[in-house]
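Participant: could you work out the structure for the sequence below:
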Amino acid sequence: MNKEEKLKKVKDLYEQVNDYFIKEYLDLKSMENLDMKIEVLDALLAGKKPYEIKHYDDVLDKYPKKEEFVQGNIQDLLDRL
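Facilitator: All right, here's what the predicted structure looks like:
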């Protein structure tokens, strides 16, 4: 299967999955990790829970990186609370 066929399969599987994080953070335009995305989506459709799927977190392309949550120093963050 070439990359275009894999991407089409990802999109088809994506439409069948009802998972908040997948719907919110999986990048359907990205050609990265297509095999992993297919594996994760297949596992979700088979009834597995996210914590049971090895590469679940790896396919959440658009999920913010840890460093993006805190900007500035910790005191600035506490002051904003």
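Participant: tell me where this structure has helices.
Facilitator: 3-16, 20-25, 34-45, 66-69, 74-80 (DSSP state H).
Participant: so which of those helices gets nearest D58?
Facilitator: D58 lies closest to helix 34-45 among these, at 5.7 Å (Cβ to Cβ). (Each C-beta comes from the backbone N, C-alpha and C, glycine too.)
Participant: distance from the closest one to the middle of the chain?
Facilitator: Averaging C-alpha positions (Cα atoms, centre = their mean, to the nearest Å) puts helix 34-45 10 Å from its chain's average.
Participant: what comes up buried for it?
Facilitator: Buried residues in helix 34-45, counted by 16 or more other Cβ atoms under 10 Å: 34, 36-41, 43-44.
Participant: what angle do helix 3-16 and it make with each other?
Facilitator: 20 degrees (axes from the mean of the first three to the mean of the last three Cα atoms, to 10 degrees).
Participant: the bottom helix or strand of this protein by mean pLDDT?
Facilitator: Lowest on mean pLDDT, DSSP states H and E among the helices and strands of the chain sits helix 66-69, with a mean of 57.
Participant: list the contacts of V17.
Facilitator: Contacts of V17 were listed using Cβ atoms under 8 Å, 6 or more residues apart in numbering, and they are 23, 41, 44-45.
Participant: what do you get if the cut-off is 6 Å, keeping everything else the same?
Facilitator: When contacts are counted by Cβ atoms under 6 Å, 6 or more residues apart in numbering, V17 touches 41, 44.
Participant: for the residue most central in space within the chain, give its distance to E4.
Facilitator: The chain has L60 as the residue nearest its centroid, 1.8 Å off, counting by Cα atoms, centre = their mean. To E4, L60 is 22 Å away according to Cβ to Cβ, to the nearest Å.
Participant: so what's the residue count around V59?
Facilitator: Residues lying near V59 (other Cβ atoms under 10 Å) number 24.
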